[in-house]
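> can't give you the sequence, but here's the structure:
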């Protein structure tokens with residue numbers, strides 16, 4: 001089964017996926033090979049996959065932001081001779097939590113983005129600065145969104161390690 005996670009800055013494709021688990025608004029979907037077509041919005045911002053690699057099952061967890069989940073029984077290319085179940089996740093942002101994941105590195109990213117956000121917000125407080133400056137406001141908006149996402153990833157990681 002093919003699994004594809006795509007964001008504007010990141011793409012992860014796995015061709016040896018055996019199971020994908022995702023929480024949708026109407027319940028939990030566990031997708032295996034030959035699953036029916038399905039589409040929905042990821043409700044809890046977590047996508048779990050299992051892959052079979054060298055006769056070992058490996059689990060990976062992805063934290064996603066504003067994600068759409070699509071299962072297709074036709075595969076990526078409708079004209080291909082070999083068709084199979086494909087799972088696509090399109091998200092605004094994604095972080096993989098698994099082997100090689102560093103919580104310290106993520107904490108440093110969060111602190112850096114929080115600092116950048118505070119500096120940009122200070123620019124608006126400087127007398128003579130146009131409060132409607134589109135460049136500053138759009139940068140603040142993007143940084144706030146990223147800080148919220150990183151904070152959510154850190155919280156999920158802490159919750160997973162606590163359980």
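Yes, it's here. What you see is a predicted model, and the numbers here were worked out from it, not measured in a lab.
> what packs against the top strand by length along the chain?
Using DSSP state E to define each element, the chain has its longest strand at strand 38-53. Based on contacts counted as 3 or more C-beta pairs under 8 Å, 6 or more residues apart in numbering; DSSP states H and E, the elements that strand 38-53 packs against are strand 2-6, strand 17-24, strand 27-31, strand 56-65, strand 68-72, helix 134-162. All C-beta atoms are positioned from the backbone trio N, CA, C, and that covers glycine.
> check which residues of that strand are buried.
When neighbours are counted by 16 or more other C-beta atoms under 10 Å, the buried residues of strand 38-53 are found to be 40, 42, 45-47, 49-51.
> can you give me the offset of it from its chain's centre?
When distances are taken as C-alpha atoms, centre = their mean, to the nearest Å, strand 38-53 is centred 10 Å away from the chain's centroid.
> and that strand, what's its mean pLDDT?
Strand 38-53 comes out with an average pLDDT of 88.
> neighbouring strands - and their directions - for it?
Under the criterion DSSP bridges, strand 38-53 sits next to strand 17-24 (antiparallel), strand 56-65 (antiparallel), strand 68-72 (antiparallel) in its sheet.
> which residues touch it?
Counting by C-beta atoms under 8 Å, 6 or more residues apart in numbering, the neighbours of strand 38-53 from elsewhere in the structure are 3, 5, 14, 16-26, 29, 31, 57-65, 67-71, 89, 91, 152, 156.
> what does the domain assignment say about the protein?
2-97, 103-162 (automatic domain parsing).
> tell me which of these sits most buried.
Mean neighbour counts were compared across the domains of the chain using mean count of other C-beta atoms under 10 Å; the top stretch is domain 2-97, at a mean of 15.
> could you dump the strands paired with strand 38-53 to JSON lines with distance to residue 128?
Below are those laid out as JSON lines (distance: least, C-beta to C-beta, whole Å):
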{"stretch": "strand 17-24", "distance to residue 128": "49"}
{"stretch": "strand 56-65", "distance to residue 128": "35"}
{"stretch": "strand 68-72", "distance to residue 128": "43"}
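> out of these, flag the one nearest residue 147.
Between residue 147 and the strands paired with strand 38-53, the shortest gap by C-beta to C-beta is with strand 56-65, which sits at 11.8 Å.
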